[in-house]
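Visitor: got a predicted structure here, sequence first:
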Amino acid sequence: MKTLFELKRFAKDNKIAVIRPKSAKMLRSLCRENKPKKILEIGTAIGYSASIMLNASKSANILTIEKDEQMAKIARQTFLERNSSQRITLIEGDAFDVLNDLKNEKFDFIFLDGPKGQYFKYLPLLKKMLNLNGFLLADDVLFHGYVKKVGDPGHKHRTIVASLRSFISDLTIDKNFKTTLYDFEDGLILSQRVK
């Protein structure tokens, strides 16, 4: 799977969630415009979004975290076939544990696309890891529209929705960040560290 088209088709054929088209376009534009040197990604899956970021930021290196062993195996193959292995470090493991190990590292850009119910738990660490003027982009923050709906989302989604609402609220009120919520596809939030 050398091309992004092939990667996307593989994801669709195998029912693997990858970043949606408008969100992917925004991710690509942010990387192209801001030229981050050091990128952190949480949620590698098959390596589709990491490949987008590498294409858009020619001098970037990515550290990406994936918990699922099978996904990590596919992603490693993706990076090998795309000749990008030398610019990517893939760490297998639980993101919260890995982030704690990396807490003294600094990044210019963070793409958060892991387990939605954990976003709020990761946030204090991610804030400290982001360089001044760096960006944090989080995908799927509206969780099928439940986050914006009034009332109880139901037992099945209650915890994830509460966590995402706290995540959005925390970023929005934090004076160290300039935050915008984008209400397209499944929702994106973009925060720039301004102080």
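Guide: Received it, and whenever you're ready, just let me know what you need.
Visitor: A17 contacts A11, doesn't it?
Guide: Yes: between A17 and A11 there is a contact under CB atoms under 8 Å: 7.4 Å. Using the backbone N, CA and C atoms, a C-beta is placed for each residue, glycine as well.
Visitor: which of those two has more neighbours?
Guide: A count of neighbours by other CB atoms under 10 Å puts A11 above the other of A17 and A11, at 18 against 14.
Visitor: find the nearest non-adjacent residue to the more buried one, please.
Guide: V18 (4.4 Å; CB to CB, 6 or more residues apart in numbering).
Visitor: L4 too?
Guide: Among residues not flanking L4 along the chain, S51 sits closest, at 6.1 Å (CB to CB, 6+ apart).
Visitor: was I right to think the one you found contacts E6?
Guide: No: taking CB under 8 Å as the definition, S51 is not a contact partner of E6, at 10.4 Å.
Visitor: tell me which of the two has more neighbours.
Guide: Higher neighbour count among S51 and E6: S51, with 22 against 12, using other CB under 10 Å.
Visitor: where's that one relative to L164, distance?
Guide: Between S51 and L164 the computed distance is 26 Å (CB to CB, to the nearest Å).
Visitor: list the helices and strands whatever helix or strand I39 lives in packs on?
Guide: Using DSSP states H and E, the element containing I39 is strand 38-42. In this structure, strand 38-42 makes packing contacts with helix 48-56, strand 61-66, strand 107-112, helix 119-129, judged by 3 or more CB pairs under 8 Å, 6 or more residues apart in numbering; DSSP states H and E.
Visitor: okay, and for the protein, where does confidence drop off?
Guide: Filtered on pLDDT under 70, the chain yields the residue ranges 1.
Visitor: would you list every one of the strands in it?
Guide: Along the chain, the stretches classed as strands by DSSP state E are 38-42, 61-66, 88-92, 107-112, 130-139, 177-182, 188-193.
Visitor: give me the residue at the spatial middle of the chain.
Guide: Taking CA atoms, centre = their mean, the centroid of the chain lies closest to L112, which sits 2.4 Å from it.
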